[in-house]
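*Asks:* the following block contains a protein sequence and its predicted model.
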Amino acid sequence: MTSAFADEPEISDFPGARAFIRRRLRLMAFRYEHDGFCPCCETRQTFAADSEWFRDSLVCRNCGSVVRERALALILREILPDWRNCAIHESSPASRGLSARMPREARGYVATHFFPGEPLGAVVHGFRNENLESQTFESDTFDLVLTLDVMEHVFDPAKVYAEIWRTLKPG
């Protein structure tokens, strides 16, 4: 193979380049489907993935939930089957799956995001503005606090856990 530019290296000059390209082309053509029950939307569904990275790509065709959200829904049904009657704080909810369902069905549901520079406790873009390290909620407010894909973004996880513990009702 000849390069169009005299000083440009050819693909074959890079070790493993052809194998890498073959692997990427195989992934681009990857398709997986599986029938099952989605605990987020509580329906029989087909889950589909266009990548071998099921963590983010194996989605419910009905509600759009991904694997970790369905796992959370299963645990929630087991440990708190009466969640619809509970006070729930969800930090940084997704727009799909259980996060989309809870505002409709849980009477005491509060969704928060953190908007730096905006007043804490205020509603910003439809969400209550909360810094998880220093929340404005009263103590003993919630039956359940949910955080998915959040803790890796906080500066002081110990403060966040202390605040979560403070805002949870006893028991």
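*Replies:* Now that the structure is in, tell me what you want to look at.
*Asks:* list the contacts for residue 168?
*Replies:* Contact analysis of residue 168 by Cβ atoms under 8 Å, 6 or more residues apart in numbering lists 140, 141, 142, 143, 144, 145. C-betas here are computed from N, CA, C, even on glycine.
*Asks:* ok, those residues vs residue 70, which is closest?
*Replies:* residue 144 (17.3 Å; Cβ to Cβ).
*Asks:* for the closest one, which non-adjacent residue is spatially closest?
*Replies:* Closest residue to residue 144 apart from its sequence neighbours, by Cβ to Cβ, 6 or more residues apart in numbering: residue 88 at 4.8 Å.
*Asks:* return the set of residues that bridge with the one you found.
*Replies:* Beta-bridge pairing of residue 88 under DSSP bridges involves residue 109, residue 144.
*Asks:* so, low pLDDT: which residues of the chain?
*Replies:* 1-29 (pLDDT under 70).
*Asks:* re earlier: farthest pair within the contacts of residue 168?
*Replies:* Checking the contacts of residue 168 with Cβ to Cβ, the most distant pair is 140 and 144, at 13.1 Å.
*Asks:* more neighbours, those two?
*Replies:* residue 144 (19 against 11; other Cβ atoms under 10 Å).
*Asks:* in terms of contact, does the more buried one touch residue 80 like I think?
*Replies:* Yes - the criterion here is Cβ atoms under 8 Å, and residue 144 meets it with residue 80 at 6.0 Å.
*Asks:* residue 69: which of the contacts of residue 168 is nearest?
*Replies:* Among those, and counting by Cβ to Cβ, the member closest to residue 69 is residue 144, at 15.1 Å.
*Asks:* residues contacting the residue lying closest to residue 107 once chain neighbours are set aside?
*Replies:* The spatial neighbour of residue 107 that comes closest, neighbours along the chain excluded (Cβ to Cβ, 6+ apart), is residue 85 at 6.4 Å. Residues near residue 85 by Cβ under 8 Å, 6+ apart: 106, 107, 108.
*Asks:* you'd agree the residue nearest to residue 144 is up against residue 110?
*Replies:* Yes - when contacts are counted by Cβ under 8 Å, residue 88 is listed as touching residue 110 (7.0 Å).
*Asks:* which residues are common contacts for these two?
*Replies:* residue 142.
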